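Chemist: using only what follows, build the 3D model:
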Amino acid sequence: MIRVGVFGATGYAGKECVRLLESHPSARVAFTTGSGGAHLAHEAGLDQAADAYLLALPHGVSAKYAASLRAARPDATVIDLSGDLRLATAAAYKHWYGHEHPAPQLLDGTPYGLTEVYRDRLPGARLVSNPGCYATSVLLPLVPLLREALVDPDDIVVDAKSGATGAGRAPKEELLFCEVADDLSAYSPGRTHRHVAEIEQVLHETSGKTVALTFCPHLLPVKRGILSALYLRSAASPAALAQALRTFYAAAPFVRIVDAPPKLSDVVLTNDCRISVHAAAPGRVVVFSAIDNLVKGAAGQAIQNLNRCLGWDERAGLPGGNA
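Modeler: Numbers count the residues shown, from 1 in each chain. Below you'll find the model as predicted:
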């Protein structure tokens with residue numbers, strides 16, 4: 001039974017880490033940091049011994065703690081849920097996040113933890129960068145299709161919608177109940193959302209294609225879940241694209257290729273991603289991808305990565321998954 005410290009356990013992703021670890025057969029929560037209650041201050045957490053640490057802290061802060069933990073406890077496994085380690089260079093980070101990178105020495109060699117795509121890089125890793133929630137929902141369908149040259153890299157439009165927990169737990173006027181309920185709004189349109197950078201980076205690395213993504217996220221008046229619609233140009237049939245996805249994810253327990261468009265209720269509270277492919281205008285298809293932003297898009301994927309790092313069944317302690 002390994003000991004896991006959870007930093008930021010009073011935020012939505014951190015709380016989800018604690019909830020999921022309670023059901024893990026081989027791990028237990030050693031301590032938590034957060035605001036108030038029985039939680040330690042973040043700085044005090046650095047003095048706590050554990051075998052693994054999950055960092056559910058804000059970007060600009062998280063990498064500092066990752067660096068301190070790597071220096072003090074080099075044998076421990078650290079999974080960073082923030083955006084601090086997702087981009088390959090400090091210059092790219094500054095461009096997308098608007099400030100200097102807090103620990104640029106960590107960028108070289110830190111695997112990007114999109115488990116189904118980079119699972120071979122994870123065993124034995126001591127530091128992993130957990131992907132963003134929107135990025136997970138977009139990359140899981142796109143990576144195999146671009147790698148096999150089945151879709152046009154120059155014509156990719158993503159319309160994505162997320163529950164309100166995706167914006168974090170800090171009080172914000174635009175997230176008050178009376179502002180969100182019975183409404184739907186777009187934000188960070190076109191190419192301004194930070195997840196665009198990691199999506200394009202991974203697509204280039206896995207396919208060799210340079211992609212200029214059109215991406216627009218929306219805020220849904222629900223607690224959790226992401227439904228992404230990907231509008232793609234392809235000469236292949238929807239059936240051929242679906243078969244390519246099934247082949248690529250044949251050994252992936254949490255990715256399911258389905259016939260009907262997935263609903264949020266299909267994936268909420270699970271670590272699953274459901275994907276479907278449908279005909280659109282001539283020469284075009286629409287691909288739907290659904291995940292729970294707090295599980296597969298954050299805490300669940302972090303634990304899936306931890307399982308891979310430690311050589312366990314990646315399904316350990318996680319809801320969902322194919323038999």
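
Chemist: show me where pLDDT drops low in the stretch 151-300 of the chain?
Modeler: 167-171, 175, 178 (pLDDT under 70).

Chemist: show me where the stretch 151-300 of the chain has its helices.
Modeler: Under the criterion DSSP state H, counting those that start in this stretch, helices of the stretch 151-300 of the chain are mapped to 177-180, 195-207, 238-248, 264-267, 300-309.

Chemist: then the last one to PDB, C-alphas only?
Modeler: In PDB, the C-alpha atoms belonging to helix 300-309 read as follows (Å, rounded to 0.1, in the frame of the first residue of the first chain):
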ATOM      1  CA  GLY A 300      -8.800   9.900 -13.000                       C
ATOM      2  CA  GLN A 301      -6.200  10.300 -15.700                       C
ATOM      3  CA  ALA A 302      -3.700  11.300 -13.000                       C
ATOM      4  CA  ILE A 303      -4.300   8.100 -11.200                       C
ATOM      5  CA  GLN A 304      -4.300   6.100 -14.500                       C
ATOM      6  CA  ASN A 305      -0.800   7.600 -15.100                       C
ATOM      7  CA  LEU A 306       0.300   6.800 -11.500                       C
ATOM      8  CA  ASN A 307      -0.800   3.200 -12.100                       C
ATOM      9  CA  ARG A 308       1.300   3.000 -15.300                       C
ATOM     10  CA  CYS A 309       4.300   4.600 -13.600                       C
END
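
Chemist: circling back to that earlier point, quick one: which of the helices of the stretch 151-300 of the chain is nearest residue 17?
Modeler: Ranking these by their distance to residue 17 (criterion: CB to CB) puts helix 300-309 first, at 6.5 Å. No exception for glycine: its C-beta is placed from N, CA and C like everyone else's.

Chemist: which positions within the closest one qualify as buried?
Modeler: 300-309 (16 or more other CB atoms under 10 Å).

Chemist: as a markdown table, the residues you listed with distance to residue 145 would be great.
Modeler: Below are the buried residues of helix 300-309 laid out as a markdown table (distance: CB to CB, whole Å):
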| residue | distance to residue 145 |
| --- | --- |
| 300 | 24 |
| 301 | 21 |
| 302 | 26 |
| 303 | 27 |
| 304 | 22 |
| 305 | 23 |
| 306 | 28 |
| 307 | 27 |
| 308 | 24 |
| 309 | 28 |
